[in-house]
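Q: Any chance you can model this:
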Amino acid sequence: MKNTESDVLVLGGGVIGLACARQLLAAGRQVTVVDQAMVGSGSSHGNCGTLTPSHAMPLAMPGVVGTAMRWLLKRDAPLRIKPRFDPALMRWLYAFRRRCNWSDFSKTTALKAPLLLRSAELIAEIVERDKLDCEYQAHGTLHVYRDQRSFEHSAWFQRCLAEVGIPVEILDGEQIEAMEPSLKHGVVGGYFNAGDAQLRPDRYVAELARVVREHGGKIDEETHIDSIAVERGHISRVRTNKGDYSANEVVFALGAWSAKLAASIGLRLPIQPGKGYSITYSRPANCPRTPLTLKEASVCVTAWGSGYRLGSTMEFAGYDTSLNQTRLDALRRAAKIYLHEPEGPEMQEEWYGWRPMTSDDLPILGRVRGIDNLCMATGHGMLGVTMSAVTGLLISEVIAGEKPSIDLEPFNLARFG
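A: Alright, predicted model coming up:
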């Protein structure tokens with residue numbers, strides 16, 4: 001069994017861990033990344049790959065709890081909480097419910113927006129500088145409605161984003177159908193988010209891994225973390241199935257697995273795994289030009305030169321490893337309502353992944369009180385890809401002892417008490 005010494009040890013080889021590693025290497029640090037599977041095999045792999053400052057609003061908003069309760073026994077609901085006894089989930093839901101008010105909604109939106117806007121800028125720069133072959137395009141995104149009442153009740157969307165400097169254009173049904181011929185007639189209106197972009201997430205992660213290796217970073221895959229030793233407020237060893245690791249600095253970028261490992265060293269992270277699904281196809285002939293959110297169904301549609309994906313839904317079912325066909329079928333049914341060609345000619349993959357959902361819908365970033373060489377980079381919810389670049393920048397600034405370019409106090413673990 002080997003004993004590996006590093007300057008910075010990044011735990012987690014998903015999009016956040018690799019973005020942190022890339023930025024740390026650029027700052028002149030020596031970096032080792034460990035991942036329990038293969039890099040990018042978790043929630044970084046099968047999401048819809050949209051880069052969305054337009055998604056700055058939190059999941060917690062007035063009315064969402066009542067909606068979730070009505071959907072409790074509906075297995076294909078866009079938001080589903082699987083009925084079960086789970087004390088950690090109950091605590092999470094209690095904290096979440098307390099934030100379902102317009103005041104907290106506005107505060108959270110104002111905190112997330114600068115992260116998302118800066119990260120979208122950084123990703124565009126990184127794609128160009130590092131020549132990332134990830135099908136990046138900056139064509140914006142469309143939110144599409146077919147129900148007039150739902151569209152009218154969504155007026156808060158444009159207003160809330162305008163308050164935090166994110167541009168949104170309100171369009172009627174004719175304008176949207178002219179912009180996007182893949183949509184069936186019957187669209188009543190929606191929103192065009194010009195500042196959004198897209199990429200293919202599995203290729204983005206693979207390209208980040210390439211850059212990390214080319215710049216001298218080490219990536220150890222299929223390396224399962226067994227335990228972490230903390231001595232006198234310092235992580236002294238990380239024990240794995242392939243030997244021990246020690247480092248001057250340790251970055252927690254374990255996504256939905258962060259809470260389980262953090263508990264082993266006495267830290268409580270209010271993170272629940274939010275299970276999302278997607279289906280990937282070859283491209284249909286009448287393919288969307290712009291990434292779509294089919295609002296009534298809460299389904300996202302993204303197309304690249306290499307493929308086409310239906311995705312989304314949120315299921316709180318713990319670490320359930322089953323591929324729920326009911327929820328996959330719901331994606332297909334929704335797409336048939338909105339699109340002329342809802343599926344591509346060849347189905348390539350059915351997938352699920354766990355998003356790391358915090359109770360306040362904000363990431364956990366920065367140093368941890370009481371452990372002098374530990375930094376958190378987790379809890380990004382549904383926006384890990386979008387927030388990846390700014391997270392890498394902020395963590396590298398913290399580890400360098402610099403003042404972070406965005407104030408990290410609202411995102412520190414200490415906010416949970």
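Q: what's around Leu261, how many residues?
A: Neighbour count of Leu261, defined by other C-beta atoms under 10 Å: 20. C-beta: built from backbone N, CA, C; applies to glycine.
Q: Then it would be within a helix, right?
A: Yes. Leu261: assigned to a helix according to DSSP: H, G, I helix; E, B strand; the rest coil.
Q: Surely it and Ile225 touch.
A: Yes. With the criterion set as C-beta atoms under 8 Å, Leu261 and Ile225 qualify as a contacting pair; they are 6.3 Å apart.
Q: between these two, what contacts are shared?
A: Here Leu261 and Ile225 have Leu11 as joint contacts, going by C-beta atoms under 8 Å, 6 or more residues apart in numbering.
Q: other SSEs contacting the helix or strand harbouring Ser236?
A: With secondary structure defined by DSSP states H and E, Ser236 is part of strand 235-240. Helices and strands touching strand 235-240, as assessed by 3 or more C-beta pairs under 8 Å, 6 or more residues apart in numbering; DSSP states H and E, comprise strand 225-230, strand 243-252, strand 371-378.
Q: Convert the C-alpha atoms of it to CSV, please.
A: The C-alpha atoms that make up strand 235-240 are tabulated as CSV, following Å, rounded to 0.1, in the frame of the first residue of the first chain:
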residue,chain,number,x,y,z
ILE,A,235,-6.2,16.4,8.7
SER,A,236,-3.1,14.2,9.0
ARG,A,237,-4.2,11.3,6.8
VAL,A,238,-6.8,10.2,4.4
ARG,A,239,-7.0,6.4,4.3
THR,A,240,-8.2,4.7,1.1
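Q: how deep is Leu117 tucked in, by neighbour count?
A: 18.
Q: Go ahead and confirm it touches Ala197.
A: No. In this structure Leu117 lies outside contact range of Ala197 using C-beta under 8 Å: 11.8 Å.
Q: Mutual contacts of those two, please.
A: Shared contacts of Leu117 and Ala197, defined by C-beta under 8 Å, 6+ apart, are not found at any residue.
Q: Now stretch 368-379: average pLDDT?
A: In this model, stretch 368-379 carries a mean pLDDT of 97.
Q: Could I get the buried residue list for it?
A: By neighbour count on 16 or more other C-beta atoms under 10 Å, the buried set for stretch 368-379 is 368, 371, 373-379.
Q: got it, and stretch 318-327?
A: Within stretch 318-327, the residues that count as buried by 16+ other C-beta under 10 Å are 324, 327.
Q: go on, stretch 5-14?
A: For stretch 5-14, the buried set under the neighbour-count rule, 16+ other C-beta under 10 Å, comprises 6, 8-14.
Q: out of the buried residues of stretch 368-379, who's nearest Pro342?
A: Using C-beta to C-beta, the shortest approach to Pro342 within those belongs to Gly379, at 33.2 Å.
Q: quick one: that closest one from Ala110, how far?
A: Distance, Gly379 to Ala110, using C-beta to C-beta, to the nearest Å: 18 Å.
Q: Could you do His224 as well?
A: Summarising the geometry, the distance separating His224 from Ala110, computed by C-beta to C-beta, is 39 Å.
Q: same check, this time on Thr52
A: 17 Å.
Q: Comparing those two, which residue is more hemmed in?
A: Using other C-beta under 10 Å, the more surrounded residue of Thr52 and Ala110 is Thr52, with 24 against 15.
Q: Nearest spatial neighbour of that one, chain-adjacent residues omitted?
A: With sequence-adjacent residues excluded and distances taken as C-beta to C-beta, 6 or more residues apart in numbering, Thr52 is closest to Asp196, at 4.9 Å.
Q: surely that neighbour meets Gly140?
A: Yes. Contact status for Asp196 versus Gly140: in contact at 5.1 Å, counting by C-beta under 8 Å.
Q: residue ranges for the helices of the stretch 201-350 of the chain, please.
A: For the stretch 201-350 of the chain, helices defined by DSSP state H, counting those that start in this stretch occupy the ranges 201-214, 258-263, 325-338.
Q: picking up where we left off before, right, and the helices and strands packed on strand 235-240 - which one's nearest Thr67?
A: For Thr67, the closest of those is strand 371-378, at 27.1 Å, according to C-beta to C-beta.
Q: So which elements touch that closest one?
A: With contacts defined as 3+ C-beta pairs under 8 Å, 6+ apart, the packing partners of strand 371-378 are helix 15-26, strand 235-240, strand 243-252, strand 364-368, helix 384-399.
Q: any idea which of those is most buried?
A: Scoring the helices and strands packed on strand 371-378 by mean neighbour count under mean count of other C-beta atoms under 10 Å gives helix 15-26 as the most buried, with a mean of 28.
Q: Good, we can wrap up now.
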